[in-house]
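Visitor: following is a predicted model, sequence given first.
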Amino acid sequence: MKFDMGAQALTNLTRQTQAASDDLGSLIRQLIAAAEPLQGNFNGAGRQAFDAFKANADAITAELNGALGAILGGQAGMNTSFAQGDAEMADNASSARSSANFDAARFSGGR
């Protein structure tokens, strides 16, 4: 099995996740503003749920941002691990190449 990932894949993923995290709070506020005209059109449990969502929008945003923050931390850790693994693999290959005896592997045509 072959696993091939570009050197910048996790960096790009982290950047995209950070942008999504930044936009999340404003998107929730836009959702509340967009649903505001509907508020007078329903009563009972639906209205209670909407009012609760509206009242807790900041807490919901904070919790979602916290979850995305944890994802960002995991992505940063993976990026560090991959970079260290890549550097270690290059060091091992360089070390193995320097200790190899290429002269012993020469084939001569004379018999």
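Guide: Cool, the structure landed.
Visitor: in stretch 27-34, what's buried?
Guide: If you call a residue buried by 16 or more other CB atoms under 10 Å, then stretch 27-34 has these buried ones: residue 28. Heads up, the C-betas are built off the backbone N, CA and C, glycines and all.
Visitor: average pLDDT across that stretch?
Guide: For stretch 27-34, the per-residue pLDDT values average out at 83.
Visitor: give me the residues contacting it.
Guide: Judged by CB atoms under 8 Å, 6 or more residues apart in numbering, the contacts made with stretch 27-34 from elsewhere in the structure are 53-54, 57, 60-61, 64.
Visitor: for it, the distance to its chain's centre please.
Guide: In terms of CA atoms, centre = their mean, to the nearest Å, the gap separating the centre of stretch 27-34 from the centre of its chain is 25 Å.
Visitor: CA atoms only: put that stretch into CSV for me.
Guide: What follows is the C-alpha trace of stretch 27-34 in CSV, where atoms were taken according to Å, rounded to 0.1, in the frame of the first residue of the first chain:
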residue,chain,number,x,y,z
LEU,A,27,-22.6,32.5,9.9
ILE,A,28,-24.6,31.7,13.1
ARG,A,29,-25.5,35.4,13.5
GLN,A,30,-26.6,35.5,9.9
LEU,A,31,-28.8,32.5,10.4
ILE,A,32,-30.4,34.1,13.4
ALA,A,33,-31.0,37.4,11.4
ALA,A,34,-32.4,35.4,8.4
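Visitor: now the two most distant members of the contacts of stretch 27-34.
Guide: For the contacts of stretch 27-34, with distances taken as CB to CB, the pair at the greatest spread is 54 and 64 (15.7 Å).
Visitor: before we move on, back to that, got TSV for the contacts of stretch 27-34, with neighbour count, secondary structure and distance to residue 43 too?
Guide: Below are the contacts of stretch 27-34 laid out as TSV (neighbours: other CB atoms under 10 Å; DSSP: H, G, I helix; E, B strand; the rest coil; distance: CB to CB, whole Å):
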residue	neighbour count	secondary structure	distance to residue 43
53	14	helix	16
54	14	helix	15
57	15	helix	21
60	16	helix	23
61	16	helix	27
64	15	helix	28
